[in-house]
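Asks: one predicted model, sequence on top.
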Amino acid sequence: GAIYALGNVTISANSTLSNNVAIDGDGGAIFAEGNVTISNSTLSNNVAIAGNGGAILADGNVTISNSTLSGNSARYGGAISALGVVSISNGSTLSSNSANEHGGAIESGGTVSISSASTLSLNTAGTNGAAIFAYNQGGVTVSNSTLFENDAVSNGGGIWSDGAVTVSSNSTLLDNTAYRGGAIEAGLDVTVSNSTLSENSSSSQGGAIFGIDAVTVSNSTFSGNLAGTDGGAIFADGEGDVNISGSTLSNNLADRSGGALFSLGVANISNSSLSNNRADDDENGEGNGGAVDADQNLSVFNTTFSGNSAVYGGAVSGSRSLTFENGTLSDNSAVSGGSIYSFNQSYSISLSSSTLNNNDAVTEGGAVFSSGSLNVSSSTLSGNETTTGRGGALSVNGSSTIENSTLNNNDAVTEGGAVFSSG
């Protein structure tokens, strides 16, 4: 490359390093056995042909401020490969960098921090982490920054980390793509707050997020994300709980199940809106949970589900206990269970202080189908219908209890204009 240093390297004052090549080694522009600091400078079109770090290879930390790294390429870490901490800040841009393997823009063995209106865009990786690849469980934080149109052939279109990932402070992850985890794949906790994840896509699970451990979302928006199998916006693998609060999930699509959320663990949703999400987007007749498909217990408080659709459970499908309090489920549709579908006869659905109106199913349970027991209290069910079958509002295979509630203007073609119970 251009610079080989046994210690630290500092580049500043509108400097430019471009079109440098490391033919057999690492660091197309800079190889440093210490730390590298870049400010107010440009590193472009540098190449490490057979090695790591198209622009920078550092055995220590890398700090980038108010700088541009673009068009660099390497085997690992298209722009940056570092063993230590990587910090990108103050409006820096990393764009159109590429890695044959992982880390299209950044490969790091320490923590990675993206902040202060920085942008990572149009980076590509042959395997994982088109924008960021972080190993050794160092973790990644993105604050007040943007990752868009990054593309990984394998997993984590924007970010791949075997540690935790935190996205906050009006950050945007837009139109990133991967086989799994269109925007993010993380081995530990994923936390998203006050941010937007939109139009990300995966060929398999997790259009925006594939999380192995806990997933926490607050005051954020997920819209227009797409998964080729499950979890149009979020796929949670079940090693930790899912907690969503004060957020909007809309117009997300899953070809199979969980139009917005597919959770293998316990899930809690509060003070949120889930609308116009869809499962079975490929129309193969296998889609569960237009908005949410929950494999473990699901608790929902003060949340609205509207305009969602699926084959089973237009808004929600689940295999364990489903609890709804002070919620509204309206205008959802499915073949069975217009709003809610419960698969497991050993578990119950509980509705309290909630409104279910204008939901429809083709065969049974215009609003709700329960394989197990159903408890309804202080709730209103109106204008729900089945277009060919039974249970205009409710269809229950187990026991059912309804108290202090109103059921009106529900309609079924066959049995039970409001309620069909075989328990």
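Replies: Happy to help now that I have it.
Asks: tabulate the CA atom coordinates of stretch 388-395 in CSV.
Replies: This file holds the C-alpha atoms of stretch 388-395, laid out as CSV (Å, rounded to 0.1, in the frame of the first residue of the first chain):
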residue,chain,number,x,y,z
THR,A,388,-68.7,-19.3,4.2
GLY,A,389,-68.6,-20.9,7.6
ARG,A,390,-69.4,-20.6,11.3
GLY,A,391,-68.7,-18.4,14.3
GLY,A,392,-69.2,-14.9,13.0
ALA,A,393,-67.3,-13.4,15.9
LEU,A,394,-65.9,-16.4,17.9
SER,A,395,-65.3,-20.0,17.1
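Asks: how far off centre is it?
Replies: 34 Å (C-alpha atoms, centre = their mean, to the nearest Å).
Asks: can you tell me what sits against that stretch?
Replies: Defining contact as C-beta atoms under 8 Å, 6 or more residues apart in numbering, one finds that stretch 388-395 is touched by 336-337, 356, 361-370, 374, 376, 381, 384-386, 400, 407, 410-421. C-beta here means a position set from N, CA and C on the backbone, and glycine is covered the same way.
Asks: now, of these, which are buried?
Replies: Using 16 or more other C-beta atoms under 10 Å as the burial test, the contacts of stretch 388-395 include 336-337, 356, 361-370, 374, 376, 381, 384-386, 400, 407, 410, 412, 415-421 as buried.
Asks: just to revisit the earlier point, next step: the contacts of stretch 388-395 restricted to strands.
Replies: The strands, defined by DSSP state E, take in 336, 356, 361-364, 368-370, 374, 376, 381, 385-386, 400, 407, 419-421 from those.
Asks: who does residue 124 bridge with?
Replies: On the basis of DSSP bridges, residue 124 is bridged to residue 98, residue 151.
Asks: tell me the contacts of it?
Replies: 78, 97-99, 104, 130, 150-152.
Asks: and these as JSON lines, adding distance to residue 395?
Replies: Converted to JSON lines, these look like this (distance: C-beta to C-beta, whole Å):
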{"residue": "78", "distance to residue 395": "55"}
{"residue": "97", "distance to residue 395": "55"}
{"residue": "98", "distance to residue 395": "54"}
{"residue": "99", "distance to residue 395": "53"}
{"residue": "104", "distance to residue 395": "50"}
{"residue": "130", "distance to residue 395": "46"}
{"residue": "150", "distance to residue 395": "45"}
{"residue": "151", "distance to residue 395": "45"}
{"residue": "152", "distance to residue 395": "44"}
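Asks: so which of these comes closest to residue 40?
Replies: Closest approach to residue 40 among the contacts of residue 124 (C-beta to C-beta): residue 97, at 19.2 Å.
Asks: how near is the residue lying closest to that closest one once chain neighbours are set aside to residue 100?
Replies: Using C-beta to C-beta, 6 or more residues apart in numbering and skipping the chain neighbours, the partner closest in space to residue 97 is residue 78 (3.6 Å). Distance check for residue 78 against residue 100: by C-beta to C-beta, to the nearest Å, it reads 9 Å.
Asks: same check on residue 295?
Replies: Distance from residue 295 to residue 100, by C-beta to C-beta: 37 Å.
Asks: got a list of what the nearest residue to residue 198 once chain neighbours are set aside touches?
Replies: Distances taken as C-beta to C-beta, 6+ apart place residue 223 nearest to residue 198, at 4.7 Å, with adjacent residues excluded. Residues near residue 223 by C-beta under 8 Å, 6+ apart: 196, 198-199, 248-252.
Asks: would you enumerate the residues in contact with residue 115?
Replies: Taking C-beta under 8 Å, 6+ apart as the test, what residue 115 contacts is 87-89, 141-145.
Asks: give me that answer again for 10 Å
Replies: Contacts for residue 115 (C-beta atoms under 10 Å, 6 or more residues apart in numbering) come out as 87-92, 141-145, 168-169, 171.
Asks: now do the same end-to-end measure for stretch 242-256.
Replies: In stretch 242-256, first residue to last residue: 20 Å (C-alpha to C-alpha, to the nearest Å).
Asks: neighbours around the nearest residue to residue 414 once chain neighbours are set aside, how many?
Replies: Leaving aside its sequence neighbours, residue 414 sits nearest to residue 390 (C-beta to C-beta, 6+ apart; 4.7 Å). Residues lying near residue 390 (other C-beta atoms under 10 Å) number 21.
Asks: ditto for residue 377
Replies: Neighbours of residue 377 using other C-beta under 10 Å come to 15.
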